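In: Predicted coordinates and the sequence they were generated for:
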Amino acid sequence: MIGPGVRSFLAAVLPALALIGWFVHRDLIAPGPAVMLVAAIAGGSLYAVRRRVKAEKAALDRLNRMAEEAEAQAEALRYKASVADRIVSSLPDPLLFLDRRRRVVRANRGAERLLDKNLVGRDIGEGLRHPDLLAAVDRALAGQGAQQVEVALPGPPPATFIARIEPVEPPPARRAAEEGGEPDQAVLLVDLQDVTALIRSEQMRVDFVANVSHELRTPLTSLTGFIETLRGPARDDAAARDKFLAIMQEQSERMFRLINDLLSLSRIELDEHSRPTEPVDLAEILEGVRGMLAMKAEQRGAVLTFAPPDEFQPVVRGDADQLTQVFLNLVDNAIKYGGRGTEVSVQVRARDSRRLAVDVRDQGAGIPAEHIPRLTERFYRVDAARSRELGGTGLGLAIVKHIVNRHRGRLSITSREGEGSCFTVTLPLAAEARREAAAPRTPQRRATG
């Protein structure tokens, strides 16, 4: 067997010998040892050239493969960097990367939304003027390790954040550049975690317990005092006994209403995420509410009117008992706070092709604007003394809000002092009602009072 090296040598020498033979055959040169030596030297040179070309080609192929691998690795790194960039940008927490001069090197979308400005290339203090935060950043830059501080921002709306400041170790090459006085690399990560909802929830829990305790303690104290009086000084006083028993019954009914509303609210919250599926005609619900409250409206001298829609059937997917509770609460409040001798109107109208709205409007004193956002909080009252006097527990609108949420609806409140208030419940129409609303009918109903 002839090896590859011998074959390569023969491949280089034989063409040279063949060329010399052709020249000899044509009598262009004379044969002799010198000619053969020249042919051998030419063949050897050609062999060496071919070997060098082949070696350089192999080296070039290796370089090309290395370049392709390097490009593939660079592409993979670019993809990973792009993914990391998208992840950082999409994180809900505001994130800020700072250099050694406290300048913002990078900020994600959450930080831009929070600060409503782009701080890249600027000092963090230009966007977050919070002394505790800036002091914590300075401590971290001074080498005191990770820091954590609570940051309260005035808003609007006010918000509270936990700021976590973590050192970021730069690559060795960058570290050397920084030591040379070019601090353009991120060395700190500032993570702002919004804890406003947690703090508000904890405060609401504390307020809820305090309010329940207060609401129960007052009637219980009254009952205890009257019982002691009836067993002592008023034992034989018939007039005092009748008076005290009437008050005791009133306080007992107040506690019963409170406990009943608390249990009702608890049940509603448990079911809030399960959407009702039964079709309910709101016109029938509202007619029933009008009938239940007609006597109360008459006692207070209020005129209660109901204007059902003429152009469509107000059918929604819902829980009939819960929807009855919603409009009982709203209409009852309108009667209680609307003022003696005024009108309380209930109107159903199409909000658009997919939703209807029920307006419960009174002509009372109205609600100051600063109280409206908090009306659906548990136990929140604009006038606590008047609310208790009228038999309110402070939970009615909280119950309304949770029921409306369960029905994928919305409660909105508008009011002007001296002109009255309007509570609007917006609910999605059932599919069959939407089809009917798309083809208006001849009016068949009239307002009732």
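Out: Arrived safely. Numbers count the residues shown, from 1 in each chain.
In: so what's A163 up against?
Out: By CB atoms under 8 Å, 6 or more residues apart in numbering, the contact list for A163 reads 133, 136, 147-151, 190-193. Where you see a C-beta, it was placed from the backbone N, CA and C, and this is true even at glycine.
In: Kindly give a single ChimeraX line that selects the buried subset of the residues you listed.
Out: Of the contacts of A163, the buried ones can be selected in ChimeraX as follows, counting by 16 or more other CB atoms under 10 Å:
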select :133,136,147,149,151,190,191,192
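In: which ones among the contacts of A163 are found in helices?
Out: Among those, DSSP state H puts 133, 136 in helices.
In: now G318: how far from R406?
Out: G318 is 9 Å from R406, where distance means CB to CB, to the nearest Å.
In: Would you mind telling me which of the two has more residues around it?
Out: It is G318, of G318 and R406, that has more neighbours when counted by other CB atoms under 10 Å, with 26 against 19.
In: which residues are in contact with both of G318 and R406?
Out: Taking CB under 8 Å, 6+ apart as the contact rule, the neighbours common to G318 and R406 are P276.
In: Just give me the neighbour total for A297.
Out: Residues near A297, counting by other CB under 10 Å: 21.
In: Run through who's touching the helix or strand it falls within.
Out: Secondary structure here is read from DSSP states H and E; on that basis A297 sits in helix 282-299. Helix 282-299 has contacts (CB under 8 Å, 6+ apart) with 303-304, 306, 308-309, 313-316, 320, 323-324, 327-328, 331-332, 335, 344, 346, 348, 356, 358, 427, 445, 448.
In: Now do it, average pLDDT.
Out: Averaging the model's pLDDT scores along helix 282-299 yields 90.
In: Distance from it to the middle of the chain?
Out: If you compare the mean C-alpha spot of helix 282-299 with that of the full chain, they lie 39 Å apart, counting by CA atoms, centre = their mean, to the nearest Å.
In: which among the contacts of helix 282-299 end up buried?
Out: With burial judged by 16+ other CB under 10 Å, the buried subset of the contacts of helix 282-299 is 304, 306, 308-309, 313-316, 320, 323-324, 327-328, 331-332, 335, 344, 346, 348, 356, 358, 427.
In: and the chain, what are its domains?
Out: The chain breaks down by automatic domain parsing into domains covering 4-85, 92-194, 199-271, 275-449.
In: just those: most buried one?
Out: domain 275-449 (a mean of 17; mean count of other CB atoms under 10 Å).
In: Just the pLDDT for A240.
Out: At A240, the pLDDT value in this model is 81.
In: Same question for A334.
Out: According to the per-residue confidence, A334 scores 90 in pLDDT.
In: That one contacts D362, doesn't it?
Out: Yes - using CB atoms under 8 Å, A334 and D362 qualify as a contacting pair, with a distance of 3.9 Å.
In: Could you list the low-pLDDT ranges of the stretch 251-400 of the chain?
Out: Scanning the stretch 251-400 of the chain for pLDDT under 70 picks out 383-393.
In: how about the helices of the stretch 201-350 of the chain, start to end?
Out: Along the stretch 201-350 of the chain, the stretches classed as helices by DSSP state H, counting those that start in this stretch are 238-271, 282-299, 320-337.
In: Could you list every helix and strand that the first one packs against?
Out: When you say that, I think you mean helix 238-271. In terms of contacts (3 or more CB pairs under 8 Å, 6 or more residues apart in numbering; DSSP states H and E), helix 238-271 is packed against helix 196-231, helix 396-406.
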